[in-house]
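Enquirer: Curious how this folds, go ahead:
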Amino acid sequence: MMKYFHRQVQLWGEDTQTLLQSKKIAIVGSGGLGSSLAFALGASGIGEIHMIDFDEVSLHNIHRQIAFKTGDEGKNKALLNAQLIEQRCPYVKAIAHQCDFDAWSQMNIEVDLVIDATDNLPSRGDINTYAKANNLPWVYGSVEAFNGQVCFFEDSSFNDVFKITQKTPAGIAAPIVMHIASLQANLALRYLAGLSVKKDTLYYLFFNNEGELITQKFGLPK
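Expert: Have a look, this model is predicted:
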């Protein structure tokens, strides 16, 4: 196993890599963010990854949802991501849940961290409520057009910071999805590996009209 994870072991040692094998996470949503998270975290040696999504692949998903290819239309997204994780890394157990988050939350599956890969505010509100009820941290991520947001929630409450509304998202391109997912994955991996993580701080990233990447951060109330 350590040979497979050689470059990571160089980074943090065998003990930390072994620690990751004991960790369990849930990724809520298996589309744009979820696909990129599956790639980023699925081969990192996390012991158990639960992929949650009731949705099936559509043709218009494929350009930004990197786990899928033409011919996957009509197949469940969580199932395809779980299969991909295990194909890439034999040391990770990936479990597909072909249901919505509410149904999964009633299964009482214990995890160390929940990662948001949904595409709407009400679902994130549900994740926050579940996390608070179970004393769990979770990693929020959202993308729209040329901007995105990321936050590691521990003491702060998403439901107190954001107004929960139904909103139709704007257009989107693949690179910003992958960028936000990579930031989520880094926060998640640092936390699971026992490294320091800046918590309850909202990072807002966007490209301005000149094409410059701007990053802002905001401390959230606790």
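Enquirer: residues in contact with the residue nearest the centre of the chain?
Expert: Relative to the mean C-alpha position of the chain, the nearest C-alpha, by C-alpha atoms, centre = their mean, is the one of residue 115, at 4.1 Å. Residue 115 makes contact with 25, 26, 27, 28, 37, 138, 139, 141, 184, 188 under the criterion C-beta atoms under 8 Å, 6 or more residues apart in numbering. Quick note: C-beta positions are derived from backbone N, CA and C, even for glycine.
Enquirer: CA atoms only: put whichever strand or helix holds it into PDB for me.
Expert: Residue 115 is part of strand 113-116, with elements assigned from DSSP states H and E. Provided in PDB are the C-alpha atoms of strand 113-116 (Å, rounded to 0.1, in the frame of the first residue of the first chain):
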ATOM      1  CA  LEU A 113     -16.800  14.400   7.500                       C
ATOM      2  CA  VAL A 114     -19.500  15.400   5.000                       C
ATOM      3  CA  ILE A 115     -18.700  17.200   1.800                       C
ATOM      4  CA  ASP A 116     -21.300  19.200  -0.100                       C
END
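Enquirer: Checking residue 140 next. Helix, strand or coil?
Expert: Of the three states, residue 140 takes strand according to DSSP: H, G, I helix; E, B strand; the rest coil.
Enquirer: So it sits against residue 150, correct?
Expert: Yes - the pair residue 140 and residue 150 passes the contact test of C-beta atoms under 8 Å, sitting 6.7 Å apart.
Enquirer: Check the contact lists of the two and give me the overlap.
Expert: residue 184.
Enquirer: Tell me where the model's unsure across the chain.
Expert: For the chain, applying pLDDT under 70 flags the ranges 167-169.
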